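J.: I'd like to go over a predicted model; first the sequence, then the structure.
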Amino acid sequence: MPRPKKCRKVCCLPPINEFIPAGENSPCREMVVMTVDEYEAVRLIDNEGFSQEECSGYMNIARTTVQQIYDGARKKIAHALVEGLPLKIEGGDYSLCDGKERDCGCGGCRRHRLGYIGETQKEENS
């Protein structure tokens, strides 16, 4: 019996979840669909500069799983760019960080990093 899928922790949903090539006027074209957890892996590794090991800790999954998610996401991005296809971000196996815990372990969440820095500065000034 296969092991049950572990829910991937995601800090926040993407502010924009659909990208359409400029000049696109044919709504019948194939759309590339990237999952929210794939988006999160790309965000953490490529945009925030985290290693796959750090990303796995933040998403609460194994490093090998991060590598699989990341590789799949990059292939989808490349396919959309090369073929000029629309890209949509939706679905996947994830749980959304609520931002209320002081140290939820995600660390990749700007709310936690900025909030923690703000609390530390307040304590030092007191």
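T.: Done, it's in. From a predicted model like this one, the values you see are computed outputs, not experimental measurements. Residues are numbered from 1 along each chain as shown.
J.: C-alpha from now on. contacts and neighbour counts both.
T.: Will do.
J.: Next up, the contacts around residue 30.
T.: Under the criterion of Cα atoms under 8 Å, 6 or more residues apart in numbering, the neighbours of residue 30 are 85, 86.
J.: That one is in what secondary structure piece?
T.: Per DSSP states H and E: residue 30 is located in neither a helix nor a strand.
J.: State the distance from it to residue 16.
T.: 19 Å (Cα to Cα, to the nearest Å).
J.: Ok, residue 39 next?
T.: 11 Å.
J.: Neighbour count for the two, which is higher?
T.: For residue 39 versus residue 16, the count of surrounding residues by other Cα atoms under 10 Å is larger for residue 39: 22 against 8.
J.: show me where this structure has strands.
T.: According to DSSP state E, the chain carries its strands in the segments 8-10, 18-19, 32-34, 87-89, 94-96.
J.: Show me what the second one is packed against.
T.: In this structure, strand 18-19 packs against strand 87-89, with contacts taken as 3 or more Cα pairs under 8 Å, 6 or more residues apart in numbering; DSSP states H and E.
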